[in-house]
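A.B. asks: I would like the atomic coordinates for the input below:
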Amino acid sequence: MRIFRHTIVLAVFILIPLTKAWSHSEGVTGTHVMNFHNESVSRIVAPSYSLNNFGVTLFTSGGEEISVGDRSCMRASALNVDVRDSYGFDLDETVTLTLEVDRESTSSRIAVRYDRVGGPGVLVRALDDGGPRFQILEFTLDRARFANRSDHGTDMMLTAAADPSIQQAQAAGITLCNIEVARNFQTTQKQTGWLDLTLTDENQNPTAARIGLYSREGALPIPSTDAVSIRKFDDLTRTYLLQTSVPWPHENRFVFYVDGQYRARVPTGRYQLVVTKGIEYRILDTVIDVRTNEVTDASFQLERFVDMPARGWYSGDVHIHNLRNTRQDSAELLAQASAEDLHIANILKMGNVGQTYFPQYDWGESGRSQQGSHTLVPGQEDPRTLTLGHTIHLNIQQPVRYPDDYLNYHRVFEDIAQQGGVSGFAHAAGSLSGTAEGMIMQAAFGLLDFVEVMQGSSIGTGPWFDLLNLGYRIGPAAGSDYPYIGHPGAERTYVETGSDYRVDAWFDGLEQGRSFVTNGPIVEMTLNQQSMGSEVRIDNGDTISIEVSASLNPDIGELVRLDLIKHGEVISAQTLDRGGENLTLQFSEAPDESAWYVVRAVGRREGHSDLIAAITAPVYVVVDGQDRVWKREAVPEIVGSMIAALEAVKNRTLSEVTDSEAWHSMPVWLNDFSNQLDKARARIEETQQKLSDLEEASLQ
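C.D. replies: Residues are numbered from 1 along each chain as shown. As a prediction, this is how the structure comes out:
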């Protein structure tokens with residue numbers, strides 16, 4: 001029953017007890033600015049979260065300043081280093097980095113990731129086993145760039161390296177007592193010319209897009225002010241580092257966004273230009289030449305692979321975070337959504353028991369920002385704990401929050417339903433603590449509309465399929481969780497609205513389950529001519545006919561498999577060993593009991609293991625009026641597992657509690673967790689009773 005249940009990086013918290021830095025960590029990423037600077041280094045920042053920072057994601061516990069003997073040092077799991085712009089900015093030269101570390105309290109291996117021409121560079125050094133306590137490590141940074149492209153506008157990141165892959169930090173962390181950056185001053189001033197770029201869509205209208213522009217050396221010139229500003233947490237930048245799971249035809253994965261027109265002075269030379277606009281458009285990959293002191297006019301028309309709005313389907317991302325203090329904050333985010341061809345971008349205010357983040361300037365229709373068919377819509381990810389999971393509430397009129405009764409999620413779900421909003425759970429594609437328990441507590445009372453089953457190039461169907469097999473009708477959704485995981489629209493939810501496209505119609509379709517989720521494949525499915533989310537009523541002995549077609553933009557990958565799934569099990573499949581652009585599947589049967597059916601399409605990309613896939617909402621077949629569409633024989637096992645999980649929540653002790661943004665949430669839980677859990681026990685027990693009743697009914 002648990003198919004494609006991958007773990008996403010958000011759920012892999014690397015809990016490093018360096019220090020309980022709750023008192024001095026700040027903001028949504030828990031940053032602490034260290035008291036250090038010198039002639040070459042302007043500042044050092046220790047984050048508690050470091051998300052896709054030069055390709056690495058770490059969940060740490062912040063940092064602190066300590067004394068080691070007679071020395072002042074910095075203690076952390078990760079340190080971001082900002083080289084003074086007046087000392088070195090936008091370079092292309094060899095730089096020597098010298099670190100002085102306390103060997104007794106530092107990991108045996110240190111990794112340095114740095115801003116390099118052609119993309120992030122990485123070096124690893126092992127500490128000596130013996131010698132003096134304060135050890136000097138020297139790194140030679142080849143082709144250092146230092147263009148402020150790391151988190152917090154910094155230029156390099158230092159981490160403990162548990163192994164050569166440098167994907168985790170060791171508990172030992174780093175104790176850094178001094179750092180020096182020394183240039184060789186070999187960067188040469190290049191001659192320049194002007195690039196004047198115009199992009200149009202298939203109708204020859206100016207259109208926003210994601211851009212890569214790379215010199216022969218692989219360098220992305222610093223974008224001009226014509227590029228769209230991008231907000232990543234508290235950073236304002238014009239470049240973004242694509243995740244490695246995103247198809248991209250160049251080794252350098254730094255990109256930027258333009259809104260139809262782009263003019264910039266760039267170094268003279270030949271460039272590879274890459275232009276994309278979501279999964280419905282072909283990737284433009286071409287070469288342009290910029291000559292000294294000349295203007296290069298470059299105009300390109302983008303080509304569609306498929307036109308989903310023409311078929312009545314519109315894409316959305318249910319999970320984006322971005323602060324919008326004023327309406328002006330929306331313009332550039334709207335351009336970014338348009339550049340990814342994302343029609344509904346749900347911008348979520350986020351909370352935990354102690355604090356909220358990513359404020360929105362208004363709610364309801366007055367809080368929306370729209371340009372053509374692309375719209376920003378405010379919502380909330382709150383309540384949000386590692387006890388009962390993270391919740392998402394879309395298209396709301398006002399945010400709802402009960403910090404003194406935070407674990408009784410149903411109060412928020414009920415209030416949002418009264419507003420006409422749509423509610424679901426985030427991160428079901430991974431293994432985030434509490435997600436399954438929280439989902440059943442809402443589904444059992446008819447309050448759960450959708451489950452975010454796709455995120456971070458992963459599909460997680462286990463908890464969702466369990467709910468479907470218990471007879472709850474819940475649709476799928478997908479979200480990028482920008483800026484934590486992917487860029488807006490990296491995974492997207494397509495909703496059928498028909499020819500009458502309205503923003504509210506999109507949310508109606510999501511609530512009714514007329515959807516599929518994807519990071520590439522496009523899927524069409526009908527059962528007796530009825531599409532996803534539909535109910536088909538038949539008599540026992542009647543035959544159902546299922547028709548499926550799928551396609552995949554060849555610039556993203558190639559299709560290799562189509563699966564028809566009934567009650568969580570594959571009952572029919574079509575495969576293409578060599579891969580291809582299209583796949584079809586036909587299937588007929590005469591079910592003798594009510595059943596649900598979904599379709600999954602799977603693709604591949606040469607040289608990459610990341611999942612390219614789509615999965616549809618169910619079509620529900622009701623046989624002889626058996627309105628509960630469940631997998632009767634599986635109910636006792638599922639119910640037993642769920643009741644046990646809820647019992648564990650009911651008996652949780654304070655020593656077992658961890659939570660996101662611990663610097664804000666844990667001080668509250670330390671004082672109030674037992675009290676708040678007492679308030680939630682009655683609802684947990686009501687859920688357990690409903691599950692027991694369901695099991696009893698399944699045995700009759």
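A.B. asks: residue 426 against residue 321, yeah?
C.D. replies: No - here residue 426 lies out of contact with residue 321, judged by C-beta atoms under 8 Å, at a distance of 11.1 Å. All C-beta atoms are positioned from the backbone trio N, CA, C, and that covers glycine.
A.B. asks: the more surrounded of these two?
C.D. replies: residue 426 (25 against 21; other C-beta atoms under 10 Å).
A.B. asks: contacting residues around that one?
C.D. replies: Each residue near residue 426 by C-beta atoms under 8 Å, 6 or more residues apart in numbering is listed here: 319, 381, 389, 390, 391, 392, 432, 435, 452, 455, 479, 481.
A.B. asks: how does it look with 6 Å?
C.D. replies: The contact partners of residue 426, taken as C-beta atoms under 6 Å, 6 or more residues apart in numbering, are 390, 392, 452.
A.B. asks: next secondary structure after the helix or strand encompassing residue 348?
C.D. replies: Here residue 348 is covered by strand 344-351, with elements defined by DSSP states H and E. Heading C-terminal from strand 344-351, the first helix or strand you meet, by DSSP H and E, is strand 356-357.
A.B. asks: how far is that following strand from where the chain is centred?
C.D. replies: Centroid separation between strand 356-357 and its chain, computed with C-alpha atoms, centre = their mean, to the nearest Å, is 18 Å.
A.B. asks: what's the mean pLDDT across it?
C.D. replies: Across strand 356-357, pLDDT averages out at 97.
A.B. asks: and the contacts of it?
C.D. replies: Looking at what lies outside strand 356-357 - C-beta under 6 Å, 6+ apart - the contacts are 28, 350.
A.B. asks: could you list every helix and strand in contact with the helix or strand following it?
C.D. replies: Once the chain leaves strand 356-357, the next helix or strand it forms, by DSSP H and E, is strand 369-371. Other elements packing on strand 369-371 under the criterion 3 or more C-beta pairs under 6 Å, 6 or more residues apart in numbering; DSSP states H and E are helix 330-339.
A.B. asks: quick one: list the elements packing against the helix it packs on.
C.D. replies: With contacts taken as 3+ C-beta pairs under 6 Å, 6+ apart, helix 330-339 sits against strand 208-215, strand 254-259, strand 369-371, strand 374-381.
A.B. asks: what's the mean pLDDT across stretch 339-351?
C.D. replies: Across stretch 339-351, the per-residue pLDDT values average to 98.
A.B. asks: on that earlier part again, the helices and strands packed on helix 330-339 into a markdown table, with extra columns for mean neighbour count and distance to residue 601?
C.D. replies: Listed next are those as a markdown table, based on neighbours: other C-beta atoms under 10 Å; distance: least, C-beta to C-beta, whole Å:
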| stretch | mean neighbour count | distance to residue 601 |
| --- | --- | --- |
| strand 208-215 | 24 | 24 |
| strand 254-259 | 24 | 26 |
| strand 369-371 | 17 | 31 |
| strand 374-381 | 25 | 26 |
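A.B. asks: to residue 57, which of these lies closest?
C.D. replies: strand 254-259 (17.0 Å; C-beta to C-beta).
A.B. asks: next helix or strand past that closest one?
C.D. replies: strand 261-267.
A.B. asks: that next one pairs with which strands?
C.D. replies: In the sheet, strand 261-267 lines up against strand 192-200 (antiparallel) (DSSP bridges).
A.B. asks: what residues does the partner strand touch?
C.D. replies: Outside strand 192-200, the residues that touch it by C-beta under 6 Å, 6+ apart are 206-207, 209, 260-268, 290-292, 294-301.
A.B. asks: residues of it that come out buried?
C.D. replies: By 16 or more other C-beta atoms under 10 Å, the buried positions in strand 192-200 come out as 192, 193, 194, 195, 197, 198, 199.
A.B. asks: try stretch 547-556
C.D. replies: For stretch 547-556, burial by neighbour count (16+ other C-beta under 10 Å) applies to 548, 549, 550, 551, 552, 553, 555, 556.
A.B. asks: just those residues: which are in strands?
C.D. replies: Using DSSP state E, 548, 549, 550, 551 are the members of the buried residues of stretch 547-556 that sit in strands.
A.B. asks: mind putting those in TSV, distance to residue 70 and pLDDT included?
C.D. replies: TSV is the format used below for those (distance: C-beta to C-beta, whole Å; pLDDT from 0 to 100):
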residue	distance to residue 70	pLDDT
548	72	98
549	73	98
550	67	98
551	68	98
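A.B. asks: so residue 221, which of the three states?
C.D. replies: coil (DSSP: H, G, I helix; E, B strand; the rest coil).
A.B. asks: ok, it - contacts?
C.D. replies: Neighbouring residues of residue 221 by C-beta under 6 Å, 6+ apart: residue 266.
A.B. asks: pLDDT score for it?
C.D. replies: As predicted, residue 221 sits at a pLDDT of 97.
A.B. asks: would you mind measuring from it to residue 111?
C.D. replies: According to C-beta to C-beta, to the nearest Å, residue 221 and residue 111 sit 28 Å apart.
A.B. asks: now do residue 382
C.D. replies: As defined by C-beta to C-beta, residue 382 lies at a distance of 35 Å from residue 111.
A.B. asks: count of neighbours near residue 157?
C.D. replies: 27.
A.B. asks: dump stretch 209-228 to PDB, restricted to CA.
C.D. replies: Extracted in PDB, the C-alpha atoms of stretch 209-228 (Å, rounded to 0.1, in the frame of the first residue of the first chain):
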ATOM      1  CA  ALA A 209      10.600  33.300 -18.200                       C
ATOM      2  CA  ARG A 210      13.400  31.700 -16.300                       C
ATOM      3  CA  ILE A 211      16.800  32.500 -17.800                       C
ATOM      4  CA  GLY A 212      20.300  31.000 -17.900                       C
ATOM      5  CA  LEU A 213      23.100  33.000 -19.600                       C
ATOM      6  CA  TYR A 214      26.500  31.300 -19.500                       C
ATOM      7  CA  SER A 215      29.900  32.300 -20.900                       C
ATOM      8  CA  ARG A 216      32.400  29.900 -22.400                       C
ATOM      9  CA  GLU A 217      33.800  29.600 -18.900                       C
ATOM     10  CA  GLY A 218      30.400  28.700 -17.500                       C
ATOM     11  CA  ALA A 219      30.000  32.100 -15.700                       C
ATOM     12  CA  LEU A 220      26.600  33.700 -15.300                       C
ATOM     13  CA  PRO A 221      27.000  37.500 -15.600                       C
ATOM     14  CA  ILE A 222      25.600  39.300 -12.600                       C
ATOM     15  CA  PRO A 223      22.000  40.100 -13.700                       C
ATOM     16  CA  SER A 224      21.100  43.700 -14.300                       C
ATOM     17  CA  THR A 225      18.300  45.600 -12.500                       C
ATOM     18  CA  ASP A 226      16.100  44.500 -15.400                       C
ATOM     19  CA  ALA A 227      16.000  41.000 -13.900                       C
ATOM     20  CA  VAL A 228      13.200  40.200 -11.400                       C
END
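A.B. asks: rank the helices and strands packed on helix 330-339 by mean pLDDT and give me the bottom one.
C.D. replies: With a mean of 94, strand 369-371 has the lowest mean pLDDT of the helices and strands packed on helix 330-339.
A.B. asks: is the spatially closest residue to residue 290 that is not a sequence neighbour in a bridge, and if so with what?
C.D. replies: Among residues not flanking residue 290 along the chain, residue 193 sits closest, at 4.3 Å (C-beta to C-beta, 6 or more residues apart in numbering). Following DSSP bridges, residue 193 is listed with bridge partners residue 266.
A.B. asks: of the contacts of strand 192-200, select the buried ones using a ChimeraX command.
C.D. replies: A single ChimeraX command selects the buried members of the contacts of strand 192-200 (16+ other C-beta under 10 Å):
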select :207,209,260,262,264,266,267,290,298
